[in-house]
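Enquirer: Quick one: sequence and predicted model below, then my questions.
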Amino acid sequence: MVEVRIASIVLDPRSNQPVVVLKPLIEVPGHERLLPIWIGHPEATAILLAVEGAEPPRPLTHDLMKNILETLDSYVERVQITRVEAGTFYAAIVLRAEERAIAVDARPSDSIALAVRAGAPIYVAETVLETAAIADGPGAMQDADTELAEFRKFLDTVDPEDFQS
């Protein structure tokens, strides 16, 4: 497993879908990689709000999950993106409860949103990076800053209550 950080969240101009871009914390010089994972708008909003330290007026789903874990004397030990099959990424949230670790199957987007809130590290299987990562460098994520600015504009106009069921 390779520890990663969130490099950015951008909008795919073709699909208008958010993409969370992960980057290994430690890379071999000359072989830098980025791992783009397409996610939903609500999850992108949740991740970006947590990264920016914004406090919603009421707990969002990922805040609720974190609060439940804390109430049960448990915590998120780490998140692992374990595999990719037919373009679909799979993840596990590893929880620590008392003296044991429990792995819970989850979507990468929810796992990342919870990890950011919990201050937990995010790991990606090396096989996932080999399969789905792209080379980092000039042009790797074209117009990422512009797309991120557009997504932040979207976040400025959205209300967390828009995502309530």
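Expert: Good, I have the coordinates.
Enquirer: Specify the strand with the largest residue count in this structure.
Expert: Ordering each strand of the chain by length in residues (DSSP state E) puts strand 74-85 first.
Enquirer: Does anything pack onto that strand? Which helices or strands?
Expert: Judged by 3 or more Cβ pairs under 8 Å, 6 or more residues apart in numbering; DSSP states H and E, the packing partners of strand 74-85 are helix 61-71, strand 88-97, helix 108-118, strand 122-124, helix 126-132. Using the backbone N, CA and C atoms, a C-beta is placed for each residue, glycine as well.
Enquirer: What's the first helix or strand after the helix or strand containing residue 20?
Expert: Assigned by DSSP states H and E, residue 20 belongs to strand 18-24. Counting by DSSP H and E, the next helix or strand C-terminal to strand 18-24 is strand 33-38.
Enquirer: any idea which helix or strand comes after that following strand?
Expert: In N-to-C order, the element after strand 33-38 by DSSP H and E is helix 41-51.
Enquirer: what is the mean pLDDT for that following helix?
Expert: On average, the pLDDT along helix 41-51 is 90.
Enquirer: Report the angle between that helix and strand 33-38.
Expert: 130 degrees (axes from the mean of the first three to the mean of the last three Cα atoms, to 10 degrees).
Enquirer: hmm, back to that, give me the contacts around the strand holding residue 20.
Expert: Identification of contacts with strand 18-24 by Cβ atoms under 8 Å, 6 or more residues apart in numbering yields 2-12, 32-41, 43-44, 47, 81, 108-109, 112, 122, 124, 129, 136, 141, 144, 151.
Enquirer: follow-up on the earlier one: between the helices and strands packed on strand 74-85, which gets nearest to residue 28?
Expert: Among the helices and strands packed on strand 74-85, helix 126-132 comes nearest to residue 28, with 11.8 Å by Cβ to Cβ.
Enquirer: so how far is residue 34 from residue 8?
Expert: According to Cβ to Cβ, to the nearest Å, residue 8 stands 9 Å off from residue 34.
Enquirer: sorry, that was for residue 59
Expert: 31 Å.
Enquirer: Which residues are in contact with the residue nearest the centre of the chain?
Expert: By Cα atoms, centre = their mean, the chain has its centre lying nearest to residue 112, at 3.3 Å. Contact analysis of residue 112 by Cβ under 8 Å, 6+ apart lists 6, 20, 43, 47, 79, 122.
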